[in-house]
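J.: everything below, folded, please.
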Amino acid sequence: MGWRAGLIFNLLHRFSDPLFVPDERDHKEYAEYLRETGYQPPGEPERQELLRLLEEEIASVREEFDYAEKANEERAAIEREACLAPEGETWSMLPRQEAALDRSIDPAGAG
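T.: All right, here's what the predicted structure looks like:
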């Protein structure tokens with residue numbers, strides 16, 4: 001886990017704390033403990049920080065995805081061309097057929 005993911009996890013954990021569950025009666029002792037230790041519920045600055053970190057993470061993942069997609073397109077094009085290329089005897093005949101075609105088009109310059 002990277003540093004950004006760790007910060008996101010920490011902030012998400014603070015926002016999902018049981019202290020903020022609507023029915024606080026179930027977590028009364030825990031809520032009292034947190035208040036005694038000086039715990040402050042997350043506010044607007046933490047929310048803005050969480051949103052900023054999430055946007056940065058989305059942007060970095062999008063960059064990685066775009067790079068991987070481009071690399072995959074290039075690899076697919078190479079593989080497609082390799083599949084369409086002639087093999088064996090057909091491949092060795094191509095230069096001879098090309099030379100014969102050149103001679104038939106310009107018989108004076110082929111010699």
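J.: work out for me the element the residue nearest the centre of the chain sits within.
T.: For the chain, the residue nearest the mean C-alpha position is residue 65 (2.7 Å; C-alpha atoms, centre = their mean). Taking DSSP states H and E as the criterion, residue 65 maps to helix 44-84.
J.: mind listing what's buried along the helix or strand following that helix?
T.: Using DSSP H and E, the helix or strand that directly follows helix 44-84 along the chain is helix 88-105. For helix 88-105, the neighbour count (16 or more other C-beta atoms under 10 Å) marks no residue as buried. Heads up, the C-betas are built off the backbone N, CA and C, glycines and all.
J.: so how far is helix 88-105 off the chain centroid?
T.: Centre-to-centre, helix 88-105 and its host chain are 46 Å apart (C-alpha atoms, centre = their mean, to the nearest Å).
J.: quick one: mean pLDDT for it?
T.: Across helix 88-105, pLDDT averages out at 84.
J.: so where's this protein shaky on pLDDT?
T.: Segments of the chain classed as low confidence (criterion: pLDDT under 70) are 1, 17-27, 39-41, 108-111.
J.: could you measure from the residue nearest to the centre of the chain over to residue 47?
T.: Residue 65 sits 27 Å away from residue 47, going by C-beta to C-beta, to the nearest Å.
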